[in-house]
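Q: turn this into a structure:
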Amino acid sequence: MNRLLILGAGTAGTMAANHLAKALDHDWSITVVDRDVDHHYQPGYLFVPFWMDPDRVVKDRRDFLPGRATFRQEAVRLVHPGRRQVELESGDLLDYDWLVIASGAVPRPDLVPGMADGSLWREAVHEFYTHEGATALRAALARFDSGRLLVHVSEMPIKCPVAPLEFAFLAEDHYRRRRIRHQVDITYVTPLDGAFTKPVASAELGGLLEDRSIRLAADFAVERIDDERRRLVAYDGRELPFDLLVTVPPHTGQQFVVDSGLGDDAGFVPVDKHTLRSREHERIFVLGDASDIPTSKAGSVAHFATELFVDNFLAAVEGRPLPNSFDGHANCFVESGRGQALLLDFNYDTQPLKGAFPVPIAGPMRLLTPSRANHLGKLAFEQLYWKVLLPGHRLPVTAHLSMAGKKPAEEH
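A: You can find the predicted model right below:
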């Protein structure tokens, strides 16, 4: 009996389990380990502060795993690659022949002085990258009707790097609809030199910030939060006052990755960016946010990479060359308020470009352009996530970036 062990039952881990359950014969056992049974639809966190019921984003993860898989609810303590064993918090050891690490990334508000340990945490300093945080922010937004609102990114990488921008746009629209926009001053604060990592998208999104009268504070490397004076303080001495701070904390990999000596300085596992195979251990693959691949830590990346991973895994098991090369494809909706959204489609080497998606010319969704269709597409994705992606069904969208119907930026 060959033993496949998957650490993490989030997006990538659940998808991998379902795809491999169909591809592997019954000489294989599949075991999935996670610390709890709650699967969170993390894109929904963005909407919880504004209108989405917090309970809507949480379902029992066991309902989405394949019937032939064994689910073990327990935290991981260590991975022992040399022995091909995983040690659980209870001390139990799980043997494996092949290991998939899909343990995600963790928001770490404790890494910024004055954030999680400050007197304003969950009162005037909030985040929406956890279920608890998004729910608390819901109440904070309802009672905040005037003053200085900072939407802040601590450092990169973070899960879904467009989400802070989306929050800024939705907050602006929220106060506009309440007819008190003139009473709320909004500033978007980022460590980047512009609104986003990719220059073309950064210019487009920066223009949208300006259009919505949202200030941009770029190159802001946060040192600490001064809770007494309500100031966000940068290493270069700049200070930004706030009445409400919505921050995105730094992110790291899981602690067991660090303790096992598998991660880089931030706890992400170094892999070949095209095959997702560990650089150090040939029987370990890493999917989703747990790896160090140089693209967005986003659900779309987990989706596209996991689909390509399946054939690579089967080839690795048989000792064949790995047939698929992941190109870093990411596809991100960016809510822009007013019932519209932009859509970004890019990879390791190609910036977001204008065009149509998923069908060249026909669309119906437009790239790098706010539209109602894009907004409806983002809302519809919730059901696709639960009913199509997690169970391991394939969408009619190529896992590689398609250039069909796209034009270089200088042609616009």
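
Q: name the nearest residue to residue 159, ignoring sequence neighbours.
A: Distance criterion C-beta to C-beta, 6 or more residues apart in numbering; nearest residue to residue 159, sequence neighbours excluded, is residue 297 at 4.8 Å. Every residue, glycine included, has its C-beta placed from N, CA and C.

Q: what does residue 113 give?
A: The nearest residue in space to residue 113 (C-beta to C-beta, 6+ apart) is residue 224, at 4.0 Å.

Q: and the one you found, how close does it get to residue 118?
A: Here the distance between residue 224 and residue 118 works out to 9 Å (C-beta to C-beta, to the nearest Å).

Q: same deal with residue 243?
A: Following C-beta to C-beta, the distance that separates residue 243 from residue 118 is 15 Å.

Q: now do the helices in the stretch 251-400 of the chain.
A: 255-259, 299-318, 372-384 (DSSP state H, counting those that start in this stretch).

Q: looking at those helices, which is nearest to residue 25?
A: For residue 25, the closest of the helices of the stretch 251-400 of the chain is helix 299-318, at 10.8 Å, according to C-beta to C-beta.

Q: so residue 210, which state does it fall into?
A: What DSSP: H, G, I helix; E, B strand; the rest coil gives for residue 210 is helix.

Q: before we move on, the earlier item: ok, residue 243 and residue 118, which is more surrounded?
A: When neighbours are counted by other C-beta atoms under 10 Å, residue 118 comes out ahead of the other of residue 243 and residue 118, with 20 against 14.

Q: distance check, residue 248 against residue 168.
A: When C-beta to C-beta is the yardstick, residue 248 and residue 168 sit 11 Å from each other.

Q: same thing with residue 46?
A: Separation of residue 46 from residue 168 (C-beta to C-beta): 11 Å.

Q: give me the more crowded residue out of these two.
A: Neighbours around residue 46 and residue 168, counted as other C-beta under 10 Å, are more numerous at residue 168. The numbers are 30 against 22.

Q: spit out the contact partners of that one.
A: 151, 186, 188, 209, 214 (C-beta atoms under 8 Å, 6 or more residues apart in numbering).

Q: please repeat the previous calculation with a cut-off of 7 Å.
A: When contacts are counted by C-beta atoms under 7 Å, 6 or more residues apart in numbering, residue 168 touches 151, 186, 188, 214.

Q: tell me the one of these nearest residue 195?
A: Set against residue 195, the nearest of the contacts of residue 168 by C-beta to C-beta is residue 188 (7.1 Å).

Q: that closest one - how many residues pack around it?
A: When neighbours are counted by other C-beta under 10 Å, residue 188 comes out with 27.

Q: what's opposite it in the beta bridge?
A: According to DSSP bridges, the partner residues bridging residue 188 are residue 151, residue 216.

Q: tell me how far it lies from residue 371.
A: According to C-beta to C-beta, residue 188 and residue 371 sit 22 Å apart.

Q: repeat that for residue 240.
A: Using C-beta to C-beta, one obtains 33 Å as the distance from residue 240 to residue 371.

Q: can you give me the end-to-end span of stretch 214-224?
A: The straight-line separation of the ends of stretch 214-224 (C-alpha to C-alpha, to the nearest Å) is 23 Å.

Q: domains of the chain?
A: 2-42+57-105+253-318, 109-250, 331-411 (automatic domain parsing).

Q: present those domains as CSV; the columns should include mean pLDDT and distance to residue 325.
A: As requested, those are arranged in CSV below (pLDDT from 0 to 100; distance: least, C-beta to C-beta, whole Å):
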stretch, mean pLDDT, distance to residue 325
domain 2-42+57-105+253-318, 97, 4
domain 109-250, 96, 21
domain 331-411, 89, 9
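
Q: contact partners for residue 5?
A: Remark: with contacts taken as C-beta under 7 Å, 6+ apart, residue 5 is in contact with 31, 86, 94, 96, 99.

Q: can you flag which of the residues you listed belong to strands?
A: Residues from these lying in strands, with DSSP state E as the criterion: 31, 86, 94, 99.

Q: who's in contact with the third one?
A: With C-beta under 7 Å, 6+ apart as the criterion, the residues that contact residue 94 are 5, 31, 85, 86, 88.

Q: same check, this time on the last one
A: The contact partners of residue 99, taken as C-beta under 7 Å, 6+ apart, are 5, 283, 284.

Q: nearest to residue 20 among the contacts of residue 5?
A: Checking these against residue 20 by C-beta to C-beta gives residue 31 as the nearest, at 11.7 Å.
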